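> Any chance you could fold what I've pasted below:
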Amino acid sequence: MGTPAANLDALLLLTGRLNYAWANTESLLIHLIAGLAGTDKDAAVIIFLTLNTTRARIDLVERLAKMEKTPEAQKKRVLGLTGRVMKLSALRNRYSHSIYAFDPESGSPRTIMMRIADRRNDLKMGRSDLVDEKAIAEIEDAISSLKTINREYWALIQEFGYPI
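Residues are numbered from 1 along each chain as shown. Take a look at the predicted model:
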């Protein structure tokens, strides 16, 4: 890796690309909601925007897919794709809901999670992780996976005739 400042710049650029790929892919859930709920795209947009988290949107799509009327092949494809997206959500959340700092000893960039973990008898805050080559590779892999999932969502949308 290069200088700490260059590494942070690379991390911020990749985080932006990850968020763009995520938002672009998540927006395709609108078409899945419309198709699975048997409604038009305009109504699906309202439903999508009313649900304000990825988890809620995915839960809705998965529940619609699990309805008895959904053909098995369609259900399997939808659940497979939403499952793959949710596996990427922890990584996306780690980089989207963090602040960034430099490690005082090495000068390397670090993420500091802006989240409270409520435990039985205490709180955990500010989990910090070093951003190394492995972390950069994980982000690049996630972006690549999201691109693939995006194309697979479009194929599913077209194959099952969901509203576009």
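
> What's the per-residue pLDDT of the residue nearest to the spatial centre of the chain here?
Central residue of the chain (C-alpha atoms, centre = their mean): S89, 4.2 Å from the mean position. Looking at S89, its pLDDT is 94.

> That one is in contact with T54, isn't it?
Yes: the pair S89 and T54 qualifies as a contact (C-beta atoms under 8 Å) at a distance of 6.2 Å. All C-beta atoms are positioned from the backbone trio N, CA, C, and that covers glycine.

> can I assume the residue nearest to the centre of the chain sits in a helix?
Yes: counting by DSSP: H, G, I helix; E, B strand; the rest coil, S89 falls inside a helix.

> Verify the assumption that L81 is located in a helix.
Yes: under three-state DSSP, L81 falls within a helix.

> ok, how many other residues are close to it?
Neighbour count for L81, taken as other C-beta atoms under 10 Å: 23.

> and if you look at I143?
That count, for I143 with other C-beta under 10 Å as the rule, works out to 19.

> Contacts only, for it.
With contacts defined as C-beta atoms under 8 Å, 6 or more residues apart in numbering, the neighbours of I143 are 14, 17-18, 21.

> Alright, I will stop here.
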